[in-house]
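Asker: Below are the sequence and a predicted model for it; my questions follow.
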Amino acid sequence: MLMPALYRSLLVLLLLALGACASMPGRDPLQVTVAGIEPLQGQGMELRMTVKLRVQNPNDAAITYNGVSLEMDVQGKSFASGVSPEGGTVPRFGETVISVPVTISAFRMIRQAIGIMQGDGTRKIQYEMKGKLSGSTFGTNRFSTKGEFDLPAGTAPAGAG
């Protein structure tokens, strides 16, 4: 008889704990932008570069991470990806710069260039960047940002102008 009561008590405690986690206020998403790009030595049919990410934490608690992954899409197609075992902390209401080496295959670069040249005459290039700062089991922080930029003058796609 004691065992069923113990199990019920543990079940109630577990449900209360889960309810407490669910009622915790949500965290604001990280703000991640490209702070810089530096070339790296590539191999064969690939281009490598270091992407420096500026990570801003708009929350009242520091974020500790021990790994970073990054994917970059251009014009809706996969363009570059990379990972880094770098670890550190983004302070509460603070920012830090994280370096991630990424790889772009020559085939992806050619496909993107052809797509731009055969484009509809627009000078806008759309991009999306997504990734994560890996923490503990429940501490992974995902981020995503989208935007567009104009091609420099003189590099407009065929048929423009």
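Answerer: That came in fine, so what should we check first?
Asker: and the nearest residue to L133 once chain neighbours are set aside, what pLDDT?
Answerer: Of all residues not flanking L133 in the chain, Y65 sits nearest, at 3.8 Å (CB to CB, 6 or more residues apart in numbering). Where C-beta positions appear, they are placed from N, C-alpha and C, glycine not excepted. The score at Y65 is 95. That number is its pLDDT.
Asker: If Y65 is in a bridge, with which residues?
Answerer: G88 (DSSP bridges).
Asker: Report how many residues lie close to the closest residue to V32 other than its chain neighbours.
Answerer: Spatial nearest neighbour of V32, excluding adjacent residues (CB to CB, 6+ apart): F143 at 4.5 Å. Using other CB atoms under 10 Å, F143 is surrounded by 16 other residues.
Asker: likewise the one 3 residues further on?
Answerer: A count of neighbours around K146, defined by other CB under 10 Å, yields 10.
Asker: Number the chain from 9, please
Answerer: Shifting the count to begin at 9 puts that one at K154.
Asker: Flag the shaky bits of the protein, pLDDT-wise.
Answerer: Applying pLDDT under 70 to the chain picks out residues 9-33, 124, 127-131, 144-146, 159-169.
Asker: which stretches of it form strands?
Answerer: For the chain, applying DSSP state E gives strands covering 39-48, 54-65, 71-73, 76-82, 85-92, 96-98, 102-113, 132-141, 149-158.
Asker: Which residue, other than its chain neighbours, is closest to the most centrally placed residue in the chain?
Answerer: What sits nearest the mean C-alpha location of the chain, by CA atoms, centre = their mean, is G139, with 2.3 Å. Excluding the flanking residues, the one nearest G139 by CB to CB, 6+ apart is L78, at 4.0 Å.
Asker: where's the one you found relative to D158, distance?
Answerer: 23 Å (CB to CB, to the nearest Å).
Asker: who's T153 bridged to?
Answerer: Where T153 sits in a bridge, its partners, by DSSP bridges, are M137.
Asker: And it, how far from L38?
Answerer: Taking CB to CB, one finds T153 at 9 Å from L38.
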